[in-house]
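Enquirer: Provided below for reference: sequence and predicted model.
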Amino acid sequence: MLDNIKKTNLLLNRSYKKKLSYLFLLTIFNVLVEFVTLSLLASFIIVLNDPEVINQKINSEFILSYLNSLSFEKLIIYFATILFFAVILKNIINLGTTYFELSLKKKLVIYNFEKLYSAFLKSDYLYIVNKNPSELVNKLQ
C-alpha cells in the first residue's frame, strides 16, 4: 500500500493529486447517498407491509401526529415521491462521479504518456537504438 502511494507521488503533479483526493471524497459521498437511498427503499417497503410500524418506531410526537393525520394512500404517495426523487438524485450524483472519474483517468493517461514520450525524445538516440525494443515497450506500460 505504501509502495503504491510512493509511486503515485512520483508520477503525479500537485493538481492531479488534489483531483484524486476530490475523487476519493466524491466516491465516499456517492456511497453514503447510495446507503440513504437503500434505507429509504427498505423503509418504504416496511410501511407498505405494516403501516403501524410508524407508530412504534418514531419517537417525535410532532412527526408522529402529522403522519397519523394523513390517510394511508397519502402516506404512501409521500413516501413514494421522496423515494423517487432520492433515486433520481442518487443517479445524478453517480453519473457525475463516473464522469469525473473517467475524465480524470483519461487526463492522467495522456499526462503520463506525454511525460514519458518527451523523456524518450530527450534521451540519447544511441540509447534507444541499442536498447531491446521489448524493454522500451515495458517502460511505456
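Expert: Ah, there it is.

Enquirer: now the lengthiest helix in the chain: mean pLDDT?
Expert: In the chain, with assignment by DSSP state H, the single longest helix is helix 72-122. Here helix 72-122 scores 90 as its mean pLDDT.

Enquirer: got the buried residues for the next helix or strand along the chain from that helix?
Expert: As assigned by DSSP states H and E, the chain's next helix or strand after helix 72-122 is helix 125-130. Judged by neighbour count (16 or more other CB atoms under 10 Å), helix 125-130 contains no buried residues. For the C-beta atoms, the positions are set from N, CA and C on the backbone; glycine is no exception.

Enquirer: go on, stretch 55-70?
Expert: Quick answer for stretch 55-70 (16+ other CB under 10 Å): residue 67.

Enquirer: the helix or strand harbouring residue 25 - what's its average pLDDT?
Expert: Secondary structure assignment for residue 25, by DSSP H and E: helix 14-49. Per-region confidence: helix 14-49 scores 92 on mean pLDDT.

Enquirer: and the angle from that helix to helix 72-122?
Expert: Here helix 14-49 runs at 160 degrees with respect to helix 72-122, directions being taken by axes from the mean of the first three to the mean of the last three CA atoms, to 10 degrees.

Enquirer: I'd like the next helix or strand past helix 14-49.
Expert: That would be, after helix 14-49 and using DSSP H and E, helix 53-57.

Enquirer: quick one: contacts of that following helix?
Expert: Counting contacts by CB atoms under 8 Å, 6 or more residues apart in numbering, the residues outside helix 53-57 that touch it are 46-47, 64, 67-68, 75.

Enquirer: with distance to residue 108 as added columns, please give the residues you listed in JSON lines.
Expert: JSON lines is the format used below for the contacts of helix 53-57 (distance: CB to CB, whole Å):
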{"residue": "46", "distance to residue 108": "44"}
{"residue": "47", "distance to residue 108": "46"}
{"residue": "64", "distance to residue 108": "52"}
{"residue": "67", "distance to residue 108": "50"}
{"residue": "68", "distance to residue 108": "55"}
{"residue": "75", "distance to residue 108": "49"}
